[in-house]
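# with the input below, show me the fold.
(one chain, ligands or ions: 1)
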Amino acid sequence: MDLKGLKFSKMHGIGNDFIIIDETKEEIISEKNKPEACKFLCDRHFGVGSDGLLFISNSEKADLRYRMFNPDGSEAEMCGNGIRCFGDYVYRNNIINKKSMTIETMCNILTLEVQVENNEPVSFKVNMGLSTFKTNEIPMISNQEEFLNQDLLVDGEHFNVTAINVGNPHAIIFVDDLNNVDINRFGPAIECHKVFPEKINVHFVKVFSPNEGEMKTWERGAGVTLACGTGATSTAIAGYKLGFFNENILLHLPGGDLKFKIYEEDNEIGVFMEGPAKLVFNGEIQ
Ligand SMILES: N[C@H](CCC[C@H](N)C(=O)O)C(=O)O
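Numbering: from 1, shown residues only. From the prediction side, this is the model:
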């Protein structure tokens, strides 16, 4: 596969970095080559280096469509930090010249609002939509309807896990001390645990107060990242459901902070996520 001449933008959302490829005018990488191209481009030694690849394209259902591929080549249903980078790219390149836009993802249509200061996009507020705790919708193999802060045996150790789907699947583990977590051992062990047939993103969380917490992430298809937007979204909602958080939550991730505002609709819990995005450079494959 020859990627010579491929133009891209390199961006990050609080340290969770992405390569953005604009396919609004034409398909740049064919459908069958997208996974392999992703593995090469995300490689931090032989490629550009990134936690994922985002494709922007036209949509019949929303202003635009975006797709996300993990560094292992798997396609993810959603990407929270990526959607803010998407918003920044689209606004900065005048692809959509309005501050509020709808975005079609694999599982949902989300709304994103660009917050502009002195003509510069500085922050992005995203309605991340509704969530589900139903085990068959995570998906999770369990005889229980929901799996909330319950015991899961992982590699000989016991963890209290909350399983939630916010478009993509997440396992949230609330702990007393994040420094005691061996994320490189238990992250992949939980990600690939037999009860999660589509694997799962893994987050360890320390609650400081009803408005604040800190977390560490092992991402499905990527490993340790400095931040996971859908993971923080899941943490905010799970913490609210379990009574650890109230509706306004500040989460500290290794790469930066994200703010959340919970809402409830038809007995489901949704959330607005707010945070930055940053263009680092534009590049071309030689
Ligand atoms: N690894 C995730 C996709 C990327 C999510 C993350 N980068 C975010 O900001 O939400 C998955 O396979 O579901």
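
# how about S59, what does it touch?
Residues in contact with S59 (CB atoms under 8 Å, 6 or more residues apart in numbering) are 65, 103-104. C-beta: built from backbone N, CA, C; applies to glycine.

# how does it look with 10 Å?
By CB atoms under 10 Å, 6 or more residues apart in numbering, S59 lies in contact with 24, 65-66, 102-105, 109.

# from the residues you listed, which are also near the ligand?
Contacts with the ligand are made by none of the contacts of S59, judged by CB under 6 Å from any ligand atom.

# nearest to the ligand, of those residues?
T105 (10.7 Å; CB to the nearest ligand atom).

# how close does the closest one get to K259?
Distance check for T105 against K259: by CB to CB, to the nearest Å, it reads 21 Å.

# the more surrounded of these two?
Counting neighbours by other CB atoms under 10 Å for T105 and for K259 shows that T105 has the greater number, 23 against 16.

# which residues are in contact with the nearest residue to the more buried one once chain neighbours are set aside?
Of all residues not flanking T105 in the chain, M78 sits nearest, at 5.3 Å (CB to CB, 6 or more residues apart in numbering). Residues near M78 by CB under 10 Å, 6+ apart: 66, 68, 105-108, 110, 128-129, 165-169, 229-230, 233.

# same check, this time on L226
By CB under 10 Å, 6+ apart, the neighbours of L226 are 12-17, 51, 81, 216-217, 253-256.

# what do you get for Q115?
With CB under 10 Å, 6+ apart, Q115 has these contacts: 87, 99, 121-125, 274, 276.

# roughly how far does it sit from S123?
Taken as CB to CB, the span from Q115 to S123 is 4 Å.

# got any residues that touch both of those two?
In contact with both Q115 and S123: 87, 274, 276, using CB under 10 Å, 6+ apart.

# hmm, the second one is touching F260, no?
Yes: E274 is within contact range of F260, at 7.5 Å (criterion: CB atoms under 10 Å).

# so the residue nearest to T105 sits in a helix?
No: going by DSSP: H, G, I helix; E, B strand; the rest coil, the assignment for M78 is coil, not a helix.

# hang on, L258 packs against G13?
Yes: proximity of L258 to G13 meets the contact threshold set by CB under 10 Å, at 8.7 Å.

# so what does the nearest residue to F244 once chain neighbours are set aside have for phi and psi?
Distances taken as CB to CB, 6+ apart place V207 nearest to F244, at 4.7 Å, with adjacent residues excluded. Phi and psi for V207, reported as degrees, to the nearest 10, are phi -90, psi 120.
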